[in-house]
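1. Need a 3D model of the sequence below.
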Amino acid sequence: MAKLNVRKVRAAIGRGPVAGPARVAGPTYEGGAGYARDLKSELFLLAVTNMVGEQTFYEPAAERDERYSRLVRAAAVADPDWTGRFLAWLRTGANMRTAAVVGAAEFVKGRLEAGAPSTGENRRVVADVLQRADEPGELLAYWMSRYGRAVPKPVKRGIADAVQRLYTERNLLKYDTASHAFRFGDVVDLTHPGPAAPWQGDLFAYALGRRHGREDLAVPASLGVIAANERLRADAAADPAVLLDAERLREAGMTWEDALSMSGGTAVDKAALWTALLPSMGYMARLRNLRNFDQAGVADDVAAQVAAKLADPEQVARSRQLPMRFLSAYRAAPSLRWSWALDQALTASLANVPALPGRTLVLIDTSGSMHSGFSRDGTLMRWDAAVVFGVALATRCAGADVVSFSTGSTVFKLRKGESVLKAIERFRAEGHFHGQGTNTATAVRKHFKSHDRVVILTDEQASFDGSVSDAVPRDTPIFTWNLAGYRLGHAPATANRWTFGGLSDAGFGMIPLLEAGRHGDWPF
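-> Residues are numbered from 1 along each chain as shown. Below you'll find the model as predicted:
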């Protein structure tokens, strides 16, 4: 009997955060064996993919949102510390704005309904998730639409804490608009925040007067930005050309939306106006307006400055944009002068995708259910996200085979030196989006050739074509990247079978940890 010339069994892999029982809990939506997760795991996978109010292929928006609310309420009672940290990370780390705001409201509701004692965590969780100045109003709007006008004290106090941090002159000019049901004045009126400084007290009073339409409302001397804004508006009404003064635009906290509205149809040269606005525009505003820059005819030297900022890795990291945002911008921009910058930005946004040794089989689910939108403008689908992460991971591997699968499957050939963005667009051009069933186990069995690992990017709604988990040897790890957050998944959370989730690159960093026999923990 051979003692040395034998295949060595890989070391036992570490423990991942997503867990659940090994027994089948019911069928997936496509009839395959479905495995449930524990409370925290189901909540995590749903939250990091949930755009709130958005229809998915198998789950109506109302049912999905209700499941999310129910899970948050239960987790808030079972483990308030974990749930509070998770919701704060969901807003700041995963950049899931609406899901975090809704989650904070449901956290408080769940604990109040259960009669759970509070040591300030309800107030703290609300304050922690509110990171943008329009979000206090959004949380109030959600609470009142769902639970009525009686807002509990922890919600009011948490909102008041956030208001003290977020309400500034520039934020009032940007976010306190008539399109919002709850204006800054409404929030101040309902939550009674204490001003952090005298100027903020003046700002609160001004916001109240503005909300109630006081015609005699005067701008206090302490609010210099608002005063400059009013002067610029008055001057622009007489001569729109004053809007071409970049310094005045900056001093007045003028948003690009307001400046465009005030400029009139042809009264001001749009290229000159965009050029004047650019110094005071943030990263996301620039990214959103590439099409407008092109249509206005912004000069190439100005465009080069915009592109340099978009491509800067530090700016990308600070912006916290999800990788798919850069793909969406690339598809929306008419000209090619943004392509290099957007490719660099997309690559920088995927900095956490690890370099993996050995050979990796990357399977990208392009079934019909993955043709489900998750961007409000309808330009991006779940399979776009799968391709972004799948191709990015494959380009970092020492050796990788990329397969698009549905009922059938096709191999996507990587090209040496090809950029991630170019490869993503070639994936689409070559017809690798199939749009049929989800024969996951069949695809794994067909394409597995003694790879060191298998990575599957999918919504996990596998067809009844065999066990995904048993499609490769037990000592070969399968890493599933869940992109939809449905209740049941295609494999149990057992040794060498791990599930991650989300629309950012953060979770991929757990792959080398788990392969080294270490434990992967929650990313917060």
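2. Residue 472 contacts residue 478, correct?
-> Yes: taking contacts as CB atoms under 8 Å, residue 472 lies within contact range of residue 478: 6.5 Å. C-betas here are computed from N, CA, C, even on glycine.
3. and for those two, which residues touch both?
-> Here residue 472 and residue 478 have 444, 454 as joint contacts, going by CB atoms under 8 Å, 6 or more residues apart in numbering.
4. ok now stretch 226-233, how far from the chain's centre?
-> 35 Å (CA atoms, centre = their mean, to the nearest Å).
5. Which residue, other than its chain neighbours, is closest to residue 269?
-> Residue nearest to residue 269 in three dimensions, not counting chain neighbours: residue 244, with 7.9 Å by CB to CB, 6 or more residues apart in numbering.
6. Check which helices and strands the lowest-mean-pLDDT helix or strand in the chain is in contact with.
-> Least confident helix or strand, the chain: helix 510-515 with a mean of 80, by mean pLDDT, DSSP states H and E. Applying 3 or more CB pairs under 8 Å, 6 or more residues apart in numbering; DSSP states H and E, we find helix 510-515 packed against strand 453-458, strand 497-501.
7. quick one, which of these is nearest to residue 320?
-> strand 497-501 (17.8 Å; CB to CB).
8. Quick one: work out the angle between that closest one and strand 453-458.
-> 40 degrees (axes from the mean of the first three to the mean of the last three CA atoms, to 10 degrees).
9. Partner strands of strand 497-501 and their direction?
-> The sheet places strand 497-501 alongside strand 478-482 (parallel), with pairing taken from DSSP bridges.
10. so how far is the partner strand off the chain centroid?
-> On CA atoms, centre = their mean, the centre of strand 478-482 falls 19 Å from that of its chain.
11. For the residue nearest to residue 269, give me its contacts.
-> Residue 244 makes contact with 268, 269, 272, 273, 276 under the criterion CB under 8 Å, 6+ apart.
12. Run a quick neighbour tally on residue 488.
-> Using other CB atoms under 10 Å, the number of residues around residue 488 comes to 21.
13. Excluding chain neighbours, what is closest to it?
-> residue 34 (3.0 Å).
14. and what of residue 182?
-> Spatial nearest neighbour of residue 182, chain neighbours left out: residue 137 (3.6 Å); criterion: CB to CB, 6+ apart.
15. Equivalent analysis for residue 131, please.
-> Of all residues not flanking residue 131 in the chain, residue 91 sits nearest, at 5.6 Å (CB to CB, 6+ apart).
16. got a list of what that neighbour touches?
-> 97, 100, 101, 128, 129, 131.
17. please redo it, this time with the cut-off set to 7 Å
-> 97, 100, 129, 131 (CB atoms under 7 Å, 6 or more residues apart in numbering).
18. Please apply the same query to residue 49.
-> 483, 484, 485, 501, 503.
19. Below-threshold pLDDT in the stretch 401-524 of the chain: ranges please.
-> Across the stretch 401-524 of the chain, residues meeting the criterion (pLDDT under 70) sit at 518-520.
20. any idea how the protein splits into domains?
-> Listed domain ranges for the chain are 49-93+96-211, 241-319, 359-515 (source: automatic domain parsing).
21. mind checking which of those domains is nearest residue 345?
-> With CB to CB as the measure, domain 241-319 is the member of the domains of the chain nearest residue 345 (5.1 Å).
22. distance between the ends of the closest one?
-> Domain 241-319 has an end-to-end distance of 32 Å (CA to CA, to the nearest Å).
23. and what of stretch 443-457?
-> 12 Å.
24. Flag every buried residue along it.
-> 443, 444, 447, 448, 451, 452, 453, 454, 455, 456, 457 (16 or more other CB atoms under 10 Å).
25. For the fourth one, give me its contacts.
-> In this structure, residue 448 makes contact with 361, 454, 471, 472, judged by CB under 7 Å, 6+ apart.
26. thinking again about what came up before, residue 226: which of the helices and strands packed on helix 510-515 is closest?
-> Between residue 226 and these, the tightest spacing by CB to CB is seen for strand 497-501, at 43.0 Å.
27. Under the pLDDT cut-off, which ranges of the chain? List them.
-> Across the chain, residues meeting the criterion (pLDDT under 70) sit at 1-15, 51, 53-55, 374-378, 518-520.
28. Strands of that one, start to end?
-> Shown for the chain, the strands assigned by DSSP state E span residues 26-27, 33-34, 359-365, 399-405, 409-412, 453-458, 478-482, 497-501.
29. Format the helices and strands packed on helix 510-515 as a markdown table; extra columns: distance to residue 248.
-> Compiled in a markdown table, the helices and strands packed on helix 510-515 are given as follows (distance: least, CB to CB, whole Å):
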| stretch | distance to residue 248 |
| --- | --- |
| strand 453-458 | 49 |
| strand 497-501 | 47 |
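30. With residue 166 as the reference, name the closest of those strands.
-> Across the helices and strands packed on helix 510-515, residue 166 has its closest neighbour in strand 497-501 (29.1 Å, CB to CB).
31. May I have that closest one exported as CSV, CA atoms only?
-> Only the C-alpha atoms of strand 497-501 are listed here, as CSV (Å, rounded to 0.1, in the frame of the first residue of the first chain):
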residue,chain,number,x,y,z
ARG,A,497,-19.1,24.8,1.5
TRP,A,498,-19.4,28.5,2.2
THR,A,499,-21.7,31.3,1.3
PHE,A,500,-21.0,35.1,1.1
GLY,A,501,-23.1,38.0,-0.1
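32. right, and the strands of the chain - which one's nearest residue 283?
-> Distance to residue 283, taken as CB to CB, is lowest for strand 497-501 among these, at 25.8 Å.
33. Other residues contacting the closest one?
-> The contact list for strand 497-501 (CB under 7 Å, 6+ apart) reads 16, 18, 44-45, 48-49, 469, 478-482, 485, 489, 491, 493, 507, 510, 514.
34. at 6 Å what do you get?
-> Strand 497-501 has contacts (CB atoms under 6 Å, 6 or more residues apart in numbering) with 16, 18, 45, 48, 469, 478, 479, 480, 481, 482, 491, 507.
35. Identify the farthest-apart pair in the residues you listed.
-> The distance between the two most remote of the contacts of strand 497-501 (CB to CB) is 22.6 Å, for 48 and 469.
36. So which of these two has more stuff around it?
-> residue 48 (25 against 20).
37. what's the nearest residue to that one if we skip its chain neighbours?
-> Spatial nearest neighbour of residue 48, chain neighbours left out: residue 502 (3.8 Å); criterion: CB to CB, 6+ apart.
38. That neighbour - how many residues pack around it?
-> 26.
39. same deal with the one 3 residues further on?
-> Other residues within reach of residue 505, judged by other CB under 10 Å, total 19.
40. Which parts of the stretch 351-500 of the chain are helices?
-> Taking DSSP state H, counting those that start in this stretch as the test, the helices found in the stretch 351-500 of the chain are 382-396, 420-429, 440-447.
41. cool, the stretch 151-300 of the chain as well?
-> Applying DSSP H, counting those that start in this stretch to the stretch 151-300 of the chain gives helices spanning 153-166, 169-175, 184-191, 198-211, 224-238, 246-251, 256-263, 270-277, 283-288, 290-296, 300-311.
42. and which of the contacts of residue 49 is nearest residue 386?
-> Among the contacts of residue 49, and counting by CB to CB, the member closest to residue 386 is residue 483, at 5.7 Å.
43. And the closest one, how close does it get to residue 32?
-> As for residue 483, its distance to residue 32 is 17 Å (criterion: CB to CB, to the nearest Å).
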